[in-house]
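Trainee: the following comprises the amino acid sequence and a computationally predicted model.
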Amino acid sequence: MTDSTPESQIVNIRDRQQQLIRQRKQRFRRGAWRTLFIVGLTAGLGWAVCQPEWQIRQSSQVTLAGNEQIDGQTLEHLMTLQFPTSLIRFQPQVLASKLKTNAHISHVVVTRKLFPPRVKVVVQELPPIAMTECEGCTLILNPDQSNSITLGPANVWLLDERGVVLPADSYPKLEKAQQLPKLTLDAYLQPESKPTQSQASSASTPTKFVSIDRQKQAQWQQMYALLETSPVQVKHLNWQDPNKLMLQTKLGQIHIGPFSDRFNRQLQALDEMRTLPKSVDPQQIVYIDVENPESPVLELRNQAQPSR
């Protein structure tokens, strides 16, 4: 028969309590040792990585690949690396973001190697598709931030489809082969009236500081997406007055007014007028106004009133 007296039950309960206490102590000791091991390992790894042997100390430890057209020095300048830099503090995502935001780069892969310490940056380029002139200008990237970067000075600047701007001398192969984009823009860059002291001191010669107009950049992205698929060949875009945007095409000067969601319809109206030179001497056309694409205005020389 099983002993079920109150005394034996009390003994069983006491033994069970002691067993639970021993188990808790064992779990606590194991957890404490595990925590100490992880902290020690982390501290040791952090100490080791901060040693000179695990640091990027010079630009030769950073290799670039994939830049077939863009000059490597331009990309290195945009990466704004500071030496020495511990590999554990190195931020690949930040570096990739800088290149994609400020250069004609669509994709970046950054990898780190500990033995020996190396960083490899592989980029995928975007082709420049337009050109703008700004004589003796220095471009300030992120002018409202403390970590702004300057490019230039330069006279000729190239744009990609996103409106990102680089100096033409960033493309030495294209310059040498005279293969710069045919599409040109006026007044894409805006004057920067108050450069900071650090920006001004970074320029070795007197220069005109400019920045990218974010509104124009957003409009350019929409505009180029439509131009790319339109049969209308635009040679030049004049942005001097944002409310009086002008294009240069085979039909001559085109007035479209401010950029709007009617731009695609305006291009369609110009395409519908492609046979106009057969009936009107192109030399007599002063401009064509398609601000209202449903009722274009043709301004001819020696006419008192525009014809509709």
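Mentor: Yep, it's here.
Trainee: pLDDT wise, what is the residue nearest to residue 92 when sequence neighbours are not counted at?
Mentor: Once flanking residues are discounted, residue 92 sits nearest to residue 110: 3.6 Å by C-beta to C-beta, 6 or more residues apart in numbering. (C-beta placed from N, C-alpha, C; glycine too.) Looking at residue 110, its pLDDT is 94.
Trainee: what count of nearby residues applies to residue 110?
Mentor: Using other C-beta atoms under 10 Å, residue 110 has 19 neighbouring residues.
Trainee: what sits against it?
Mentor: Each residue near residue 110 by C-beta atoms under 8 Å, 6 or more residues apart in numbering is listed here: 92, 93, 95, 96, 119, 120, 121, 122.
Trainee: where's it relative to residue 130, distance?
Mentor: Taking C-beta to C-beta, to the nearest Å as the measure, residue 110 falls 29 Å from residue 130.
Trainee: before we move on, what about residue 256?
Mentor: Separation of residue 256 from residue 130 (C-beta to C-beta): 17 Å.
Trainee: what do you get for residue 152?
Mentor: Counting by C-beta to C-beta, the gap between residue 152 and residue 130 amounts to 17 Å.
Trainee: so where do the helices sit in the stretch 151-300 of the chain?
Mentor: With helices called from DSSP state H, counting those that start in this stretch, the stretch 151-300 of the chain shows them at 172-177, 197-202, 214-229, 263-272.
Trainee: save the ones you listed as TSV, and put in mean pLDDT too.
Mentor: Output for the helices of the stretch 151-300 of the chain, formatted as TSV (pLDDT from 0 to 100):
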stretch	mean pLDDT
helix 172-177	91
helix 197-202	52
helix 214-229	95
helix 263-272	96
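Trainee: looking at those helices, which is nearest to residue 240?
Mentor: Closest of these to residue 240 is helix 214-229, at 11.6 Å (criterion: C-beta to C-beta).
Trainee: check which helices and strands the closest one sits against.
Mentor: On a contact count with 3 or more C-beta pairs under 8 Å, 6 or more residues apart in numbering; DSSP states H and E, helix 214-229 meets helix 263-272.
Trainee: and residue 152 and residue 130? Which one has more around it.
Mentor: Shown here are residue 152 and residue 130; by other C-beta under 10 Å, residue 130 has more neighbours (24 against 21).
Trainee: most packed of the helices of the stretch 151-300 of the chain?
Mentor: Most buried of those, by mean neighbour count (mean count of other C-beta atoms under 10 Å): helix 263-272, with a mean of 19.
Trainee: strands of the stretch 51-200 of the chain, residue ranges please.
Mentor: 55-56, 62-65, 85-86, 105-113, 118-125, 130-141, 149-159, 165-167, 184-186, 189-191 (DSSP state E, counting those that start in this stretch).
Trainee: many thanks, I have nothing further to ask.
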